[in-house]
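Engineer: From the sequence below, what's the structure:
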Amino acid sequence: MHSNAMSKTDEVLVNLLWCVPGKVGGSEEYLVRQLLGLAEQPEQRWTLSAAVARGLPAAHPELAGVARLVEPSFDSRSRVRRILGEATWLKRASADAALVHHGGGTAPLRAQRPYVLTVHDLQFRTYPHYFSRAKRAYLSAAIPRSVSGAAVVTVPSAYVRDSVIRAYNAEPERVLVVPHGIEPTLVDDVTPADELRDRFGLGEGPIIVYPAVTHPHKNHRFLLTLLRERWTDPDLRLVLAGGVGSAESGVQASSDSRVRRLGRVSAADRNGLLAMAEAMVFPSEYEGFGAPLIEAMALGAPVICSNATCMPGIVESAALVLPLELDAWAGALDEVRRRRTELVAAGQRRVQAFTSFASGAALAAAYEQAMGS
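Structural biologist: Predicted structure coming up:
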């Protein structure tokens, strides 16, 4: 039996087996940054371990400095193998842990308790047609069961918190917001603009950047239509950075020579693209948080985003927040040019609420509450 406070010998094991590098979108950065922020806290009253998907330590070498990393023999790219591995290998690996944190939205059957569960979003309920029948069935069964068994559920935004409470009748006091956080060093790792223009053939004109996997809800088609029908400046370049999703074919089919599809880029290149951008555009239909919003603000890029889900609450008055209508976005680039100084300054102020330290502090509070349950 545990007391209501962690002792110095308590171990927290974080389940990152679901986190296949480059395959899970912004949730990868979210959990990594949380753990870095956790290590920044002035008092460490636990030892931290992480069960990680193969390849994650190589993609994020900084994790080795904050947690003991354990890689399984199985490959998490197979969902079936990962689920079986959580029920067997992970159960053995976490046997001595005082608390387990399942970071991928679900916990295994008969999960060791107490546990913290992170739910990134409930997109499958809002846009079920973007998910396969098998995945919808799995999430529809696994998430409510996992939420019910969790000592604490952490979520990235107030929007997701409200969604979880409504969807699963979760007790509000068990659902805690742990916001995204960015490291102060983000702005130090920036590829120079001239190098990026030369390497990616961006020309000398204005560029707009959308850093997102080509999943359907990211709504790349909206930007391509804008470019064709409203944003017709021949010198404008739309830079699409991010992994390949199920809507990739629609992007590849675009015949607009002003589009640059870069795929995944390094952190330094991503930061450099945002720092040089006329604007970071974010026409997503659904976000649990939308980390690029604050990354762009930190790097001095004005933000134009949709008014869907959590986004108005994340950016507040520090961005242009627009409905997903072509007419509403038609004059957005002109407005950004007129208000650039104002928007950049507002973004710099807003991003102060989303530091890795603040994110780690919120996660530490969730661990404390779960251990005392």
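Engineer: Which other helices and strands does the helix or strand harbouring residue 100 contact?
Structural biologist: Take DSSP states H and E as the rule and residue 100 turns out to sit in strand 99-102. Based on contacts counted as 3 or more C-beta pairs under 8 Å, 6 or more residues apart in numbering; DSSP states H and E, the elements that strand 99-102 packs against are strand 11-16, strand 115-118, helix 356-371. Where C-beta positions appear, they are placed from N, C-alpha and C, glycine not excepted.
Engineer: Kindly present those as TSV, with separate columns for mean neighbour count, distance to residue 333 and mean pLDDT.
Structural biologist: Below are the helices and strands packed on strand 99-102 laid out as TSV (neighbours: other C-beta atoms under 10 Å; distance: least, C-beta to C-beta, whole Å; pLDDT from 0 to 100):
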stretch	mean neighbour count	distance to residue 333	mean pLDDT
strand 11-16	25	39	95
strand 115-118	26	36	98
helix 356-371	21	32	94
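Engineer: one step back: list the neighbouring strands of the strand holding residue 100 plus their orientation.
Structural biologist: strand 11-16 (parallel), strand 115-118 (parallel) (DSSP bridges).
Engineer: still on that earlier bit, of all the helices and strands packed on strand 99-102, which lies closest to residue 28?
Structural biologist: With C-beta to C-beta as the criterion, residue 28 lies closest to strand 11-16 of those, at 8.9 Å.
Engineer: Just the residues contacting that closest one, thanks.
Structural biologist: Counting contacts by C-beta atoms under 8 Å, 6 or more residues apart in numbering, the residues outside strand 11-16 that touch it are 31, 35, 46-53, 56, 67, 86, 90, 93-94, 96-104, 367.
Engineer: The residues you listed, buried ones only, as a PyMOL selection?
Structural biologist: Here is the PyMOL selection string for the buried members of the contacts of strand 11-16, based on 16 or more other C-beta atoms under 10 Å:
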select buried, resi 31+35+46+47+48+49+50+51+52+53+56+67+86+90+93+94+97+98+99+100+101+102+103+104+367
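Engineer: Sitting in helices, which of the contacts of strand 11-16 do you find?
Structural biologist: With DSSP state H as the criterion, helices contain 31, 35, 56, 86, 90, 93, 367 from among the contacts of strand 11-16.
Engineer: Take those residues and lay them out in TSV including distance to residue 146.
Structural biologist: As requested, these are arranged in TSV below (distance: C-beta to C-beta, whole Å):
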residue	distance to residue 146
31	16
35	20
56	21
86	11
90	14
93	19
367	17
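Engineer: ok, residue 123 - contacts?
Structural biologist: Residue 123 neighbours (C-beta under 8 Å, 6+ apart): 130, 217, 286, 288.
Engineer: Can you tell me how far the third one is from residue 220?
Structural biologist: Residue 286 sits 14 Å away from residue 220, taking C-beta to C-beta, to the nearest Å as the criterion.
Engineer: who has more neighbours, those two?
Structural biologist: Neighbours of residue 286 and residue 220, each counted by other C-beta atoms under 10 Å, are more numerous for residue 220; the result is 26 against 22.
Engineer: So which other helices or strands are in contact with the host helix or strand of residue 136?
Structural biologist: Mapping residue 136 onto the secondary structure by DSSP H and E places it in helix 133-149. Contact analysis of helix 133-149 by 3+ C-beta pairs under 8 Å, 6+ apart lists strand 115-118, helix 123-126, helix 158-168 as its packing neighbours.
Engineer: most tightly surrounded among those?
Structural biologist: Among the helices and strands packed on helix 133-149, ranked by average contacts under mean count of other C-beta atoms under 10 Å, first place goes to strand 115-118 (a mean of 26).
Engineer: Residue 354 contacts residue 182, correct?
Structural biologist: Yes: with contact defined as C-beta atoms under 8 Å, residue 354 and residue 182 form a contacting pair (6.2 Å).
Engineer: any residues in contact with both of the two?
Structural biologist: For the pair residue 354 and residue 182, residues contacting each of them under the criterion C-beta under 8 Å, 6+ apart are residue 294.
Engineer: who touches the spatially closest residue to residue 86 that is not a sequence neighbour in this structure?
Structural biologist: The shortest distance from residue 86 to any residue other than its chain neighbours is 4.0 Å, reached at residue 108 (C-beta to C-beta, 6 or more residues apart in numbering). With contacts defined as C-beta under 8 Å, 6+ apart, the neighbours of residue 108 are 83, 86-87, 90-91, 102.
Engineer: which element is residue 108 on?
Structural biologist: Secondary structure assignment for residue 108, by DSSP H and E: no helix or strand.
Engineer: can you give me phi and psi for it?
Structural biologist: As for residue 108, its main-chain torsions (degrees, to the nearest 10) stand at phi -70, psi 160.
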